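**Q** Next comes the sequence, and after it the predicted model I'd like to discuss.
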Amino acid sequence: MTVLKNSTVFLFPCRYSGSFHLIFNFFIIFACPKNIDIEKGQGKAMNHFEKVFQCFPPSIQSQINNMDRYTREAIEEVRVYKGKEIQVFAAGKRLSLSGKIEGNDISNLLNNLMKFSYYAYEDDLAKGFITIDGGHRVGICGKAVVEKGRVTLIREVSSLNIRYSKEVIGCSDSLTHLLINSDRSLNSMLIVSPPGCGKTTLLRDIGRNISMKGYKVGICDERSEIAGMYNGCSSYHFGTMVDVLDGCPKAEGMLMMIRAMSPQVIITDEIGKKEDVAAIKACANSGVRVITSVHGSDVNDLKNSEIYETIERKDFQIIVFLTDKPTVGTVREVLRG
């Protein structure tokens, strides 16, 4: 349950091929995060991020602990640079922490985040990021080691970007009405935005919302960000009928779900490869709906991507464009296929 308290609501222009009222609740929830009381979900996710803070040197931990509650709960990213001040992004603002990460501290921080289990993250490290407990992603920059044309390792780490994976219960309420037709059949949805605009948060809550309405949901969580699985359990709140394939390539995972789990809808993280396009076509041919996301800003970006043929085939009945202006998670435009 989401409860808005003493909230000041601002409506900004938003194009929608229908009426404006369906977007209203979705916009409020994202625009006023400090006014949301999210029962257990936010606390559970925050506990996972507390563990991230505990990996930092004591002087940095104390500065984070001394932040007011609203700022702490609004943290989106923590950017760590070797020899420079740590930058914290919260509620659209940038905060600099005093003190620097020097010498081997940044490598020690990364090892702590991985719980010193290098081999468990070896494949992800070659991709430039890891996903840790709670679905939080850590981007890594440094010297790339290349073998046979492929990056196999990043060493001499120079910077980290720790992105906080949040659960915002209820943020998909209004858009869920676009997904479910009057005969209880489902529509497929494509969520489009640049990085950091709330795609994964929205996907996560759509999965919760649809499953609680009695639909069988399959989540192909290639990057372990949607469900935040840990020891076989999700870090977030879902309904009773959600099956998660964690760490599985999404194209292969979608086909596995169709064959084995008889889902009514499959949710995946960002698509973009030809294999993903083929898997979406297989889902459509099987009568299984797909809710997924892609990087982009507008229709022109989609036209230049590998996935445009899925739009030409009208595999997606709903396309949602998100932006971070004026705040993360703002619906800029909704198109119906």
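**A** Perfect, I can see it now. In this text the structure is predicted, and so the values were computed from the model without any measurement. Residues are numbered from 1 along each chain as shown.
**Q** use CA for all of it now, contacts and neighbours both
**A** Noted.
**Q** Now the most centrally placed residue in the chain: closest residue in space, sequence neighbours ignored.
**A** Residue closest to the average C-alpha location in the chain (C-alpha atoms, centre = their mean): T200, at 2.4 Å. Leaving aside its chain neighbours, T200 sits nearest to I226 (6.2 Å; criterion: C-alpha to C-alpha, 6 or more residues apart in numbering).
**Q** For the one you found, give me the backbone phi and psi.
**A** When read as degrees, to the nearest 10, the backbone of I226 gives phi -70, psi -50.
**Q** Then the one 10 residues further on?
**A** Dihedral angles phi and psi of Y236 (degrees, to the nearest 10) take the values phi -120, psi 180.
**Q** got a pLDDT number for it?
**A** Turning to Y236, the model gives it a pLDDT of 85.
**Q** can you count the residues close to it?
**A** 23 (other C-alpha atoms under 10 Å).
**Q** from what I can see it touches G228, true?
**A** Yes: between Y236 and G228 there is a contact under C-alpha atoms under 8 Å: 7.0 Å.
**Q** my guess is the residue nearest to the centre of the chain is in a helix, correct?
**A** Yes: assessed with DSSP: H, G, I helix; E, B strand; the rest coil, T200 lies in a helix.
**Q** Poorly predicted segments of the chain, please.
**A** Applying pLDDT under 70 to the chain picks out residues 1-48.
**Q** how's it carved up into domains?
**A** The record's domain parsing of the chain by automatic domain parsing lists 40-163, 167-336.
**Q** most packed of these?
**A** A comparison of those by mean neighbour count, using mean count of other C-alpha atoms under 10 Å, puts domain 167-336 on top with a mean of 19.
**Q** what about that domain, how long is it end to end?
**A** Domain 167-336 has an end-to-end distance of 27 Å (criterion: C-alpha to C-alpha, to the nearest Å).
**Q** swap in stretch 89-105?
**A** For stretch 89-105, the end-to-end distance is 21 Å (C-alpha to C-alpha).
**Q** from here on, count from 27
**A** I'll keep to 27 as the first residue from here, and by that count the last item is stretch 115-131.
**Q** Name all residues that make contact with T349.
**A** 219-220, 223, 323, 355-358 (C-alpha atoms under 8 Å, 6 or more residues apart in numbering).
**Q** Columns secondary structure on top of the residues you listed, output as TSV?
**A** Formatted as TSV, the contacts of T349 follow (three-state DSSP):
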residue	secondary structure
S219	strand
P220	coil
C223	coil
S323	coil
G355	coil
T356	strand
V357	strand
R358	strand
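**Q** Out of the residues you listed, the closest to A277 would be?
**A** S219 (20.9 Å; C-alpha to C-alpha).
**Q** Mind listing the residues bridging to the closest one?
**A** Counting by DSSP bridges, S219 is bridged to H321.
**Q** Could I get the phi/psi values of the residue nearest to L212 when sequence neighbours are not counted?
**A** Once flanking residues are discounted, L212 sits nearest to I206: 4.8 Å by C-alpha to C-alpha, 6+ apart. I206 adopts backbone torsions of phi -110, psi 120, taken as degrees, to the nearest 10.
**Q** Quick check: the gap between I206 and D199.
**A** Relative to D199, and taking C-alpha to C-alpha, I206 is found at 11 Å.
**Q** just C223 next, same as before
**A** Per C-alpha to C-alpha, C223 is found 18 Å from D199.
**Q** Please apply the same query to A310.
**A** 24 Å.
**Q** do the same with N92
**A** Counting by C-alpha to C-alpha - N92 and D199 are separated by 34 Å.
**Q** and if you look at Y262?
**A** Taken as C-alpha to C-alpha, the span from Y262 to D199 is 17 Å.
**Q** With D94 instead?
**A** 29 Å.
**Q** same thing with S219?
**A** 19 Å.
**Q** do V291 as well
**A** In this view, V291 and D199 are 17 Å apart by C-alpha to C-alpha.
**Q** I344 now?
**A** Taking C-alpha to C-alpha, one finds I344 at 15 Å from D199.
**Q** what does E359 give?
**A** 17 Å.
**Q** again with Q113
**A** 33 Å.
**Q** Equivalent analysis for A304, please.
**A** In terms of C-alpha to C-alpha, A304 sits 30 Å off from D199.
**Q** Could you do F347 as well?
**A** Counting by C-alpha to C-alpha, the gap from F347 to D199 is 16 Å.
**Q** wait, D295 sits on H321?
**A** No: with contacts counted by C-alpha under 8 Å, D295 stays clear of H321, the gap being 10.5 Å.
**Q** how about the strands of the stretch 127-276 of the chain, start to end?
**A** Listed in chain order, the strands of the stretch 127-276 of the chain (DSSP state E, counting those that start in this stretch) span 155-158, 162-173, 176-189, 215-219, 243-247, 268-272.
**Q** can you list those strands in TSV and add distance to S237?
**A** Shown next, in TSV, are these (distance: least, C-alpha to C-alpha, whole Å):
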stretch	distance to S237
strand 155-158	25
strand 162-173	23
strand 176-189	26
strand 215-219	16
strand 243-247	6
strand 268-272	7
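**Q** got the contact list for the strand or helix carrying K307?
**A** Per DSSP states H and E: K307 is located in helix 300-311. Helix 300-311 is contacted from outside by 276-278, 280-281, 284, 297, 315-316, 332-333, 335-336, 341, using C-alpha under 8 Å, 6+ apart.
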